[in-house]
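1. From the sequence below, what's the structure:
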Amino acid sequence: MLNVVIIPTYNEKENIELLIKAIAKLPVPFDVLIIDDNSPDGTAAVVKKLMPSFPNVHLIERPGKLGLGTAYRAGFKWSLERGYSFIYEMDADFSHNPEDLVRLFNACDRDGADVAIGSRYISGVNVVNWPLSRVLMSYFASVYVRMITRMKIMDATAGFICYRKEVIESIRPYRIRSKGYCFQIEMKFTAFKLGYKIVEIPIIFTDRRLGTSKMSGGIFNEALWGVLRMKIMSWFSRYRKNS
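-> Prediction:
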């Protein structure tokens, strides 16, 4: 199996079964790694119930809410140890269309990208069911990131991504300091500094229909200062691909 989709969860009982079944129906095979932070609603129990019928589904249970960045670091380590060629990040709430996983796969496997980003902003603003204030906050966060980092990525905060394993090996995510949503920015920035080919694939992002959003203004405040710190630290860092 070449592909593994890492999906962090916290209180996603209403979505996770439907999402696993949707990924299983795709024409390209994907393994699924759920990383659950001790969801009070029993998300992990739902996953365990499904695992005998879906042998491509795996579960890491953690003792509590430890942050998005630490979840992905754990997922990357697990995936590299098992030899996956393409490693994906995806939300659990159907804001990312599972069918678009195939488009990210094709961008890397067929078209030669090292990193493929499911982008909300590469072809206008493709966000459904968000209030205008949140759309503006997200869009101008990406504008701010481009201004500070000089990356040409339109959706720097995107959380729907495919990485070649070589990119993850070179980034060495345990060195990424950010823990929240700035983790997504720092991963892309490091791949950019390493000279990897990054492409953006237009997607339509649909706000969750079930469950409760974990987004808050504090997340963007963290990203604001995290991007400045990241840029300053880059002046004193050497970027070298894993040989």
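
2. Which parts of this protein are helices?
-> 13-24, 43-50, 68-81, 100-109, 132-149, 165-171, 182-193, 217-234 (DSSP state H).

3. ok, of those, where does mean pLDDT dip lowest?
-> Of all the helices of the chain, the minimum mean pLDDT falls on helix 217-234 (a mean of 73).

4. Tell me, how many residues neighbour the residue lying closest to Ile176 once chain neighbours are set aside?
-> What sits nearest to Ile176 in space, not counting adjacent residues and going by C-beta to C-beta, 6 or more residues apart in numbering, is Glu186, at 5.0 Å. C-beta coordinates here come from the backbone N, C-alpha and C atoms, glycine included. Residues within reach of Glu186, counting by other C-beta atoms under 10 Å, total 24.

5. so what's Glu186 up against?
-> 176-178, 226, 230 (C-beta atoms under 8 Å, 6 or more residues apart in numbering).

6. Relative to Cys162, which of those residues is nearest.
-> Ile176 (17.7 Å; C-beta to C-beta).

7. these two touch, right, that closest one and Phe76?
-> No - assessed by C-beta atoms under 8 Å, Ile176 is found out of contact with Phe76, at 9.7 Å.

8. of these two, who's got more company?
-> Neighbour count, other C-beta under 10 Å: between Ile176 and Phe76, Phe76 has more, with 26 against 22.

9. Surely that one is in contact with Ile168?
-> Yes - contact criterion C-beta under 8 Å: Phe76 and Ile168 qualify, at 5.2 Å.

10. quick one: common contacting residues for those two?
-> Ile87.

11. Mean neighbour count, the helices of the chain: which tops it?
-> Comparing the helices of the chain by mean neighbour count (mean count of other C-beta atoms under 10 Å), helix 182-193 ranks first with a mean of 23.

12. now it against helix 132-149, angle please.
-> 40 degrees (axes from the mean of the first three to the mean of the last three C-alpha atoms, to 10 degrees).

13. Can you name the residues in contact with stretch 163-170?
-> By C-beta under 8 Å, 6+ apart, stretch 163-170 touches 76, 79-80, 83-89, 108, 114-115, 191, 194, 196, 240-242.
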